[in-house]
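**Q** I would like to see how this sequence folds:
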Amino acid sequence: QVQLAESGGGLVQAGGSLRLSCAASGGIRGVNAMGWYRQAPGEQREMVATISSGGNTNYADAVKGRFTISRDNAKNTVYLQMNNLRPEDTAVYYCDGEILAYSSARFRTFWGQGTQVTVSS
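**A** Predicted coordinates for the structure are as follows:
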């Protein structure tokens, strides 16, 4: 059973940094794109950053220049380095991955359970 597990969230003051990690595990044959999304209270989930299997990245305008997405293909892990955090970055952060499991014939999107990031002013 494929699972994605996030870690690294927490409480930080404005201007501070956090690094999120998301490890995929459980009968994986292949991983394509992975990404980070966030959802603030009362808001829709939005894309933060994505990264292809080849390392091509895409960022939301709100985080460009402050956040960096990276991945370790050998570990099936994606990271999100968040610098110069702002109160408006407060949200639950979710990772996702397009994963081919041994039990499946096609790639499917799997989601992590989410990790809370709170930025105080």
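
**Q** residues in contact with the most centrally placed residue in the chain?
**A** Residue closest to the mean C-alpha point of the chain, counted by CA atoms, centre = their mean, is residue 36 at 2.8 Å. Neighbouring residues of residue 36 by CB atoms under 8 Å, 6 or more residues apart in numbering: 20, 22, 47-50, 69, 78, 80, 93-95. Just so you know, the C-beta spots here come from the backbone N, C-alpha and C atoms, and that holds for glycine as well.

**Q** just the ones of those in strands?
**A** 20, 22, 47-50, 69, 78, 80, 93-95 (DSSP state E).

**Q** which single one of the residues you listed is nearest to residue 87?
**A** Among those, residue 93 lies closest to residue 87 (CB to CB), at 15.0 Å.

**Q** quick check: closest non-adjacent residue to that closest one.
**A** With CB to CB, 6 or more residues apart in numbering as the criterion, residue 93 has its nearest non-adjacent residue at 4.9 Å, and that residue is residue 38.

**Q** was I right about that neighbour contacting residue 96?
**A** No. Counting by CB atoms under 8 Å, residue 38 sits too far from residue 96 to count as a contact (11.7 Å).

**Q** those two: who's more crowded?
**A** Comparing residue 38 with residue 96 by neighbour count (other CB atoms under 10 Å), the higher total belongs to residue 38, at 23 against 20.

**Q** give the bridge partners for that one, please.
**A** residue 46, residue 93 (DSSP bridges).
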